[in-house]
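# Got a predicted model here, sequence first, then my questions.
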Amino acid sequence: MMNKKVVLAYSGGVDTSCCIPYLIDKGYEVICFTANLGFSKKSANSIYKRAKKLGASKVYIQDLVSLFIEEYIFPSLYAGALYEDKYPLFTALSRPLIGKKLVEIAHQVEARYVAHGCTGKGNDQVRIETTVSLLDPSLNIIAPLREWHFKSRNEEVGFLKKKGIYIKETKKHPYSIDTNIWGLSIECGPLEDIDKEAPEDSYFTVRRLKDAPSKPLDLEIEFKEARPIKLNSRRMEFKDIIKKLRYLGGLYGVGRIDMIENRLVGIKSREVYETPQSVILHHCLRELEELCLDRETLHFKRRWASYYAELIYYGLWFTDLRVALDKFFSYFKRYLTGKITLRLYKGNVQVIKRESPYSLYKKSLATYGEESNFQQEYAEGFIRLWSLPFIREFKR
């Protein structure tokens, strides 16, 4: 008898909830897998109950927060990976991990199929399917949203209501939300009108600027080899620093990104992200890089950081090139040790102090005061040699 088990990447949201009865109607035994990348135990219980009520035969919910931080978030952080210089890639980083776990569970339950709830116009379908294909090309992939008859999320919500499942999504609050410990994305509904400001009800973790405190907040973050280890002189786990910065940054209106993004499938879309924690930490590490890396290394690293971000965005995590680039970026972690003091105020992050044992800044060279020991007379010879290769002789 043909094996009809399918492992579904299940978030508990509208799309993946519709996938369960859809796949059952197609003759599959549905086994759900949910990656816990930062939600609560209460949410986990709700997701489990919903999947079982919709007909899933088994539900696997795995706490992957520590693995996500160590093997996905941290490498992208010290690399300085920001897609199109803005997006910290928190959703994109989670997809290869989810894809890898889909493959592992499929092997465990002897399933020949995996499925996801990604749309045909999004990036996540590419990331998950590419990961599955790279790790086990023999698995068959099913994408219900590219097949079924639903034409809108309202139709999907209505379908679930008939199944006895009520999900908080109405015409007044029609957003698609994806969240993990590194950030939150908001899509759909009014946000698709790029000529209009994001509605007030589209703010979730970041306060609107008018509601942020009127007095600034100063924070000192200490790093050891690119890893944040202390907040305001208090030693904390990386995970706890992330959570604290998410709260404080959000309170002061820091970390909302509203951008027109070039999706992998070729369309431009408006993407709204709320990620105070990653905005603050990326900002701090860039300052440490500027303080501690020589000019040529810094410029070269920044160029490759942009390419590395594209690899993540394009779903090419499990490739040799990504592994090789990790080794390149990892080399420079040794210099990214020090303290950064920053000021949060009305959506802004301003660095006000910098300190590192690997600092290349020398006041005696930079100062215009009497203590300067820079030999200015050497500049004339330097300029002559610097410009020499570009000088052409012209006959007049």
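All right, it came through fine.
# ok, which stretches of the stretch 251-396 of the chain are helices?
For the stretch 251-396 of the chain, helices defined by DSSP state H, counting those that start in this stretch occupy the ranges 276-292, 295-313, 320-331, 363-366, 378-387.
# Let me have the ones you listed in JSON lines, extended by distance to residue 245, mean pLDDT and mean neighbour count.
In this view, the C-beta of every residue, glycine as well, is placed from N, C-alpha and C. Formatted as JSON lines, the helices of the stretch 251-396 of the chain follow (distance: least, C-beta to C-beta, whole Å; pLDDT from 0 to 100; neighbours: other C-beta atoms under 10 Å):
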{"stretch": "helix 276-292", "distance to residue 245": "4", "mean pLDDT": "98", "mean neighbour count": "22"}
{"stretch": "helix 295-313", "distance to residue 245": "21", "mean pLDDT": "98", "mean neighbour count": "16"}
{"stretch": "helix 320-331", "distance to residue 245": "22", "mean pLDDT": "98", "mean neighbour count": "13"}
{"stretch": "helix 363-366", "distance to residue 245": "30", "mean pLDDT": "90", "mean neighbour count": "10"}
{"stretch": "helix 378-387", "distance to residue 245": "43", "mean pLDDT": "93", "mean neighbour count": "10"}
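# Domain ranges for this structure, per the record?
Listed domain ranges for the chain are 5-77+89-174, 177-355 (source: automatic domain parsing).
# quick one, which of those is nearest to residue 83?
Closest to residue 83 of the domains of the chain is domain 177-355 (C-beta to C-beta; 4.5 Å).
# Show me which parts of the helix or strand harbouring residue 154 are buried, residue by residue.
Element membership of residue 154 [criterion: DSSP states H and E] is helix 153-162. Buried residues in helix 153-162, defined by neighbour count with 16 or more other C-beta atoms under 10 Å: 153, 156-157, 159-160.
# ok, of those, which one's closest to residue 181?
Ranked by distance to residue 181 (C-beta to C-beta), those are led by residue 153 at 25.7 Å.
# which residues sit in contact with the nearest residue to residue 273 once chain neighbours are set aside?
Leaving aside its sequence neighbours, residue 273 sits nearest to residue 257 (C-beta to C-beta, 6 or more residues apart in numbering; 4.3 Å). With C-beta atoms under 8 Å, 6 or more residues apart in numbering as the criterion, the residues that contact residue 257 are 86-87, 271-275, 279.
# So what's the predicted local confidence for the residue nearest the centre of the chain?
Nearest to the mean C-alpha position of the chain, by C-alpha atoms, centre = their mean, lies residue 90 at 1.5 Å. Note for residue 90: predicted pLDDT of 96.
# Test my guess that it contacts residue 279.
No. Residue 90 lies out of contact with residue 279 (C-beta atoms under 8 Å); the separation is 10.9 Å.
# what comes up buried for stretch 206-217?
Residues of stretch 206-217 classed as buried: 206-207, 212 (neighbour count, 16+ other C-beta under 10 Å).
# So what touches it?
200, 248-256, 274, 276, 343-347.
# swap in stretch 126-138?
By C-beta under 8 Å, 6+ apart, the residues outside stretch 126-138 that reach it are 9, 92, 95-96, 98-100, 102-103, 106-107, 112, 114, 116, 118, 139, 141, 143, 264-265, 314-319.
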